[in-house]
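Engineer: A predicted structure for the sequence below; I have some questions about it.
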Amino acid sequence: MSEKQEISRRTFLNYALMGTGGFLAAGMITPMIRFAIDPVLKAAGGGDKVAVGSVDEFGPEPKSVSFKVHTKDGWYETESTLTAWVTKDANGEILALSPICKHLGCTVNWNGSPDFPNEYFCPCHFGRYTAKGEHILGTPPMASLDEYETEVKDGKLYLGQIIPNPRPGVSG
C-alpha cells in the first residue's frame with residue numbers, strides 16, 4: 001500500500017495563494033475578453049435595401065444614381081455613399097451595376113470614351129464593358145462588373161448587396 005504523503009505548510013500556502021490569484025485574474029480578464037470580442041459575435045445589421053428612385057426614372061440608357069448606406073463593422077459605424085449604373089430594358093428588367101472596375105478598382109463611366117460609344121469605359125487602363133456589364137475580352141479587366149441586388153416595391157427601386165455578375169466576357 002502507498003503511504004500518505006503530507007504536504008508542508010509552505011506548499012499548502014503556495015497552492016492556496018496561486019489558486020486565489022488565478023481565480024482573481026480570471027475574474028478580471030473575462031470581462032475584458034468579452035468586451036473585445038462582443039461586437040464580432042453580434043449579427044450584422046446589413047442586408048437592408050435602399051430606395052434610389054422611382055422605376056419610371058430609368059430606361060435603356062444607363063443612369064448613375066448615388067445612395068447612402070449605413071454600415072457597422074465591429075465598433076466602427078459609418079455612412080458611405082455608393083453609386084450604381086441603373087438600366088431598365090424593354091421587358092422591364094432592371095440591371096444595377098457597380099461602377100468599380102474589376103481590374104484595379106477605378107471608376108467606370110458610361111460613354112466615357114468617344115472611341116468606344118455605348119460602353120462602360122475605365123480611363124485608368126482602358127478597360128471596357130458592355131451595357132450589361134460584361135467585360136470585353138482583350139482589355140485589362142478579367143471579370144464583368146458586379147451587380148446590385150434589386151427589388152421593386154410600390155413603384156420604387158431598391159438596391160441591396162453587391163453580387164458577382166454571372167455574365168462571361170464577350171468579344172469586342
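Structural biologist: Ah, there it is.
Engineer: tell me where the chain has helices.
Structural biologist: Using DSSP state H, the helices of the chain run over 9-41.
Engineer: does Thr107 really touch Ile100, like I thought?
Structural biologist: Yes - checked against Cβ atoms under 8 Å, the pair Thr107 and Ile100 is within contact range at 6.8 Å. For the C-beta atoms, the positions are set from N, CA and C on the backbone; glycine is no exception.
Engineer: quick one: which of these two has more around it?
Structural biologist: Between Thr107 and Ile100, counted using other Cβ atoms under 10 Å, the more crowded position is Ile100 (17 against 14).
Engineer: check contacts around Ala64.
Structural biologist: If you look again at residue 64, you'll see it is Ser, not Ala. By Cβ atoms under 8 Å, 6 or more residues apart in numbering, the contact list for Ser64 reads 83-86, 99, 110.
Engineer: so for it, what pLDDT did the model give?
Structural biologist: pLDDT, the model's per-residue confidence, is 88 for Ser64.
Engineer: quick one: low-confidence parts of the protein?
Structural biologist: Of all residues in the chain, those with pLDDT under 70 make up the ranges 1-2, 39-47, 74, 172.
Engineer: which residues of it fall in strands?
Structural biologist: 50-54, 63-73, 76-88, 94-97, 109-110, 120-122, 127-129, 147-153, 156-163 (DSSP state E).
Engineer: in a markdown table: those strands, plus distance to His135.
Structural biologist: Rendered in a markdown table, the data for the strands of the chain read as follows (distance: least, Cβ to Cβ, whole Å):
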| stretch | distance to His135 |
| --- | --- |
| strand 50-54 | 24 |
| strand 63-73 | 19 |
| strand 76-88 | 15 |
| strand 94-97 | 12 |
| strand 109-110 | 15 |
| strand 120-122 | 9 |
| strand 127-129 | 6 |
| strand 147-153 | 13 |
| strand 156-163 | 16 |
